[in-house]
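S.K.: here you go, sequence then predicted model.
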Amino acid sequence: QLQFVESGGGLVQPGGSLRLSCVTSTFSLEYYTVGWYRRDPGKEPEGVSCMSGNGASTYYEGSVQGRFTISRDDAKNTIYLQMNSLKPEDTGVYYCAATRRVTDVQDMCRAAGFRWGPGTQVTVSA
């Protein structure tokens, strides 16, 4: 498993946008299935959006469909999450993960047991 450092979070008003980034210096991201996860207080992180190793397939959790976009730059070992039209319920700590053990993007967003990085806090509030 790769370890990441996430960034880009902050405090934003409802309707605003943020772009999260996570970068790994451990190994090349090439061919890894990747995902973004959100941890709500008192809960384990849950998948928000995931992308296949070749970038051809993506999955979005229902509440973020049409508002969030996942992308990757393997040359920079970086995964991005563009978050638009943010809502208070998007608030949480966001983490990323990658693995070659899972190839289906929906399975990736349901997977658990990753070694989480520090995460980045997103707070959506007026």
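M.R.: It's in.
S.K.: for the closest residue to residue 8 other than its chain neighbours, give the beta-bridge partners.
M.R.: In space, and not counting its chain neighbours, residue 8 is closest to residue 20: 4.1 Å by C-beta to C-beta, 6 or more residues apart in numbering. C-beta coordinates here come from the backbone N, C-alpha and C atoms, glycine included. With DSSP bridges as the criterion, residue 20 is bridged to residue 81.
S.K.: neighbours of residue 20, just the number please.
M.R.: The number of residues packed near residue 20 is 24, by other C-beta atoms under 10 Å.
S.K.: in this structure it contacts residue 93, no?
M.R.: No - using C-beta atoms under 8 Å, residue 20 is not in contact with residue 93, being 10.9 Å away.
S.K.: okay, and the common contacts of these two?
M.R.: Common neighbours of residue 20 and residue 93 (criterion: C-beta atoms under 8 Å, 6 or more residues apart in numbering): 9, 120, 122.
S.K.: which one among those residues gets closest to residue 83?
M.R.: The closest of the shared contacts of residue 20 and residue 93 to residue 83 turns out to be residue 122 (C-beta to C-beta; 7.3 Å).
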